[in-house]
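Visitor: Got a predicted structure here, sequence first:
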Amino acid sequence: MLQKIETEKIPIKLWLDELEEGALQQAKDLANLPIAFRHIAIMPDSHQGYGMPIGGILATKDAIIPNAVGVDIGCGMCSLRTNLKEIDTEDLKQIMGLIRDTVPVGFKHHNQAQDESWMPERKGNLPIVNQEYDNGRYQVGTLGGGNHFIEIQKGSDGYIWIMVHSGSRNIGYTVANHYHKQAVKETEERGEKDVPKDLSYFVRGTENFDNYINEMNYCIEFALQNRKLMMERVKNAFQKVLPDVEFSNFINKPHNFAAVEEHFGEKLIVHRKGATRAEKGEWGMIPGSQGTKSYLVRGKGNPLSFNSCSHGAGRVMSRAKARRTLSLKDEVARLKKQGVLHALRHKKDLDEAPSSYKDIEEVMSQQEDLIEIMVELQPLAVVKA
């Protein structure tokens with residue numbers, strides 16, 4: 001931990017030197033919630049989000065905040081190690097072409113419904129999931145846009161790795177929006193006028209509290225299945241080009257979720273929005289931007305962060321500012337110099353340029369008390385929308 005703010009109802013503990021004003025105000029709003037427990041934790045990749053800063057961790061006892069999970073419920077990453085020690089550029093290009101042919105990106109979905117075995121089992125009352133279920137069969141195994149990616153990497157352990165970052169697609173977005181609106185209504189009905197609208201919540205014992213948890217958990221499972229199906233398509237692409245390739249060491253980590261956990265002797269609902277769980281010995285992933293290193297890490301189980309760490313590098317500028325101020329020529333030249341098969345094609349892609357993100361090495365140095373670096377991953381090729 002690098003600093004602590006003690007001006008609000010509960011402390012805010014920060015793993016960074018400076019937090020942008022909008023995100024700082026959101027952290028203060030969290031710290032002043034009547035349901036917030038003990039302290040707020042802010043990770044080194046933090047920046048402003050909707051209601052709660054990205055890279056924030058909030059614990060409660062008997063309440064859950066849809067916006068403290070976010071609109072992309074269950075968004076996260078998975079990694080897989082190949083048995084390859086090297087891969088030449090022509091093979092890599094063929095593999096990337098096959099991936100683009102089989103994994104829809106951006107707003108695109110599959111033309112046909114995917115096998116129902118890829119859809120998680122439905123348990124409990126799931127009104128929004130049931131409404132969106134059939135559409136979900138066209139969305140599972142699709143990447144989406146924004147900062148989602150498929151990346152081929154060379155590890156410091158000598159092996160070629162695959163990493164996929166994606167979430168619950170429209171099914172999670174629809175669930176999140178529905179329950180946020182319900183939370184606003186219920187918070188107003190309870191007469192809690194000091195609670196910011198974007199941090200409206202459900203209390204234990206209400207129908208929407210139970211329904212949101214059911215639907216959130218389904219979306220977390222859907223997001224995992226989404227990543228697994230994409231990973232299968234990536235594996236198929238590798239096998240078509242390199243038939244003897246083998247795969248192992250699958251790791252999956254969500255970073256937009258709420259879960260019941262025990263901390264400080266209390267059973268709590270820990271909300272992580274753009275933050276990764278890092279219990280002692282637990283493996284996870286912290287990606288940089290395209291063109292910078294990513295990391296496989298193992299948690300140290302630091303109670304001050306509610307056993308959490310960052311989920312990535314974090315933005316240093318807004319998407320609009322990146323498109324407006326960065327040079328496409330300079331960003332492409334940087335990636336070309338590093339030998340990365342990248343996804344920067346047009347000025348509109350600059351919101352995902354390396355310079356729009358924080359320095360990942362600085363972010364890693366700010367959380368040495370949270371995680372141990374196990375493998376450094378250099379990017380070789382990336383697919384983005």
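Guide: Noted; the coordinates are in hand. Residues are numbered from 1 along each chain as shown.

Visitor: gap between the two ends of stretch 337-351?
Guide: Using CA to CA, to the nearest Å, one end of stretch 337-351 lies 20 Å from the other.

Visitor: again with stretch 231-249
Guide: Where stretch 231-249 begins and where it ends lie 13 Å apart, using CA to CA.

Visitor: quick check: mean pLDDT across that stretch?
Guide: The predicted model gives stretch 231-249 an average pLDDT of 98.

Visitor: Tell me the buried residues in that stretch?
Guide: Neighbour counts over stretch 231-249 (16 or more other CB atoms under 10 Å) mark 231, 233, 234, 235, 237, 238, 241, 242, 245, 247 as buried. Backbone N, C-alpha and C define where each C-beta goes, glycine included.

Visitor: Same check on stretch 20-29?
Guide: Burial within stretch 20-29, assessed by neighbour count using 16+ other CB under 10 Å, is assigned to 20, 23, 24, 26, 27, 29.

Visitor: Output that stretch as PDB, nothing but the C-alphas.
Guide: Listed next in PDB are the C-alpha coordinates belonging to stretch 20-29 (Å, rounded to 0.1, in the frame of the first residue of the first chain):
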ATOM      1  CA  GLU A  20      -7.500  11.000 -11.200                       C
ATOM      2  CA  GLU A  21     -10.000  13.400  -9.600                       C
ATOM      3  CA  GLY A  22     -13.100  11.600 -11.000                       C
ATOM      4  CA  ALA A  23     -12.000   8.200  -9.700                       C
ATOM      5  CA  LEU A  24     -10.900   9.700  -6.400                       C
ATOM      6  CA  GLN A  25     -14.400  11.200  -5.900                       C
ATOM      7  CA  GLN A  26     -15.900   7.800  -6.700                       C
ATOM      8  CA  ALA A  27     -13.600   6.100  -4.100                       C
ATOM      9  CA  LYS A  28     -14.800   8.700  -1.500                       C
ATOM     10  CA  ASP A  29     -18.400   8.000  -2.500                       C
END
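
Visitor: before we move on, back to that, could you dump the buried residues of stretch 231-249 to CSV with secondary structure and distance to residue 44?
Guide: As requested, those are arranged in CSV below (DSSP: H, G, I helix; E, B strand; the rest coil; distance: CB to CB, whole Å):
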residue, secondary structure, distance to residue 44
231, helix, 28
233, helix, 33
234, helix, 29
235, helix, 33
237, helix, 34
238, helix, 33
241, helix, 38
242, coil, 37
245, coil, 35
247, strand, 31
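
Visitor: Just send these back as a markdown table, with distance to residue 38 too.
Guide: A markdown table is the format used below for these (distance: CB to CB, whole Å):
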| residue | distance to residue 38 |
| --- | --- |
| 231 | 37 |
| 233 | 43 |
| 234 | 41 |
| 235 | 43 |
| 237 | 47 |
| 238 | 46 |
| 241 | 51 |
| 242 | 50 |
| 245 | 47 |
| 247 | 41 |
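
Visitor: what's the span of stretch 355-364, first residue to last?
Guide: Terminal residues of stretch 355-364 lie 17 Å apart, using CA to CA.

Visitor: whoops, stretch 48-64 was the one
Guide: 20 Å.

Visitor: Now do the SS call for residue 369.
Guide: Reduced to three states with DSSP: H, G, I helix; E, B strand; the rest coil, the structure at residue 369 is coil.
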